[in-house]
Structure formats: structure tokens, C-alpha cells
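sequence plus predicted model, see below.
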Amino acid sequence: MKTLSLLFLFLISATCKETKTVYVCNSEGAKKYHYKSSCRGLSNCQYKILETTLDKAKKDGKTLCGWEK
């Protein structure tokens, strides 16, 4: 029973992707993602601040904001 439980947990963790929420400025020139919507790096955003996943932000070519490193 213990082995079956461990196998089940392993399979669940292997199939789940990380869905960490990050924030991006919705402008064409935006190149960074932010862990907090109140990040100092988002203060100049003239457009809407969008909530997205870390995976999607990285796929879109965005990198972590320098204020959050």
C-alpha cells in the first residue's frame, strides 16, 4: 500500500506543471515579468498590467525584472 501511494504521488507530480503567477505590462515593448504586481519595475507601465503564468511569460521571451533578483 505504501509503494502504491508513493507511485501515485510521483505520477501526479510528474504530470503537473508549475503554474506560478507572474505579472507583465501589456505593451509591445515589455520584456520583463514580475513576481509582485506592486513591483517597482511595473511603475512605468502605461498599459494594463496582466496576470499570467511563469511558463507563458518565459515562452513569450520575457525575463525576470532586475528589481526582483
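Arrived safely, thanks for sending.

what about the strands in the chain?
21-25, 32-33, 49-53, 63-64 (DSSP state E).

what angle do strand 21-25 and the third one make with each other?
Interaxial angle, strand 49-53 versus strand 21-25 (axes from the mean of the first three to the mean of the last three C-alpha atoms, to 10 degrees): 140 degrees.

what is strand 49-53 packed up against?
strand 21-25 (3 or more C-beta pairs under 8 Å, 6 or more residues apart in numbering; DSSP states H and E). Where you see a C-beta, it was placed from the backbone N, CA and C, and this is true even at glycine.

buried stuff in the strand it packs on?
Val22, Tyr23, Val24, Cys25 (16 or more other C-beta atoms under 10 Å).

quick one: these as TSV, columns for pLDDT too.
Compiled in TSV, the buried residues of strand 21-25 are given as follows (pLDDT from 0 to 100):
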residue	pLDDT
Val22	98
Tyr23	98
Val24	98
Cys25	97
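
so where is this structure shaky, pLDDT-wise?
1-18 (pLDDT under 70).

closest to the centroid, which residue in the protein?
By C-alpha atoms, centre = their mean, the chain has its centre lying nearest to Leu54, at 2.0 Å.

show me the contacts for it.
Glu18, Thr19, Lys20, Thr21, Val22, Tyr33 (C-beta atoms under 8 Å, 6 or more residues apart in numbering).

can you tell me which of the buried residues of strand 21-25 lies nearest to Cys39?
The closest of the buried residues of strand 21-25 to Cys39 turns out to be Tyr23 (C-beta to C-beta; 7.1 Å).

for that closest one, list each beta-bridge partner.
Beta-bridge partners recorded for Tyr23 (DSSP bridges): His34, Glu51.
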